[in-house]
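Novice: Sequence plus the predicted model coming up.
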Amino acid sequence: MKTNNVLSKPDSRLKSFSGHNIECDGKITLPVTLKNQKHEVEFYVANTKSQSVLGAATCSEVGLIKRVYTLEAIY
């Protein structure tokens, strides 16, 4: 994939699920198309041998997940 965007200085620190710090090389905003809808998504770039992870907020914004709130009455 070619892009004219450049990495900018990250404004957050990354941590693994185990709580270890992940050294971040920078962040970049890239266009993402999902279900024929275009979104601008911010990615943090790290030189690691691990799978990529999308955060819950991003998944919700692009429609990958939907929060369902229910209330149950107890009598």
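Specialist: Looks like it arrived, so ask away.
Novice: make it CA atoms for all contacts and neighbour counts henceforth
Specialist: Fine.
Novice: Tell me, what's the model's pLDDT at the residue minimising distance to the centre of the chain?
Specialist: Central residue check for the chain by Cα atoms, centre = their mean: the C-alpha nearest the mean position is that of Leu54, 3.4 Å away. You'll see Leu54 listed with a pLDDT of 87.
Novice: measure it to Leu71 for me?
Specialist: From Leu54 across to Leu71, the span is 28 Å (Cα to Cα, to the nearest Å).
Novice: Given the worst-scoring helix or strand of the chain on mean pLDDT, what are its sheet partners and their directions?
Specialist: The least trusted helix or strand in the chain, going by mean pLDDT, DSSP states H and E, turns out to be strand 14-15, with a mean of 88. Sheet partners assigned to strand 14-15 using DSSP bridges are listed as strand 21-22 (antiparallel).
Novice: so how far is the partner strand from its chain's centroid?
Specialist: 16 Å (Cα atoms, centre = their mean, to the nearest Å).
Novice: Thanks a lot, see you next time.
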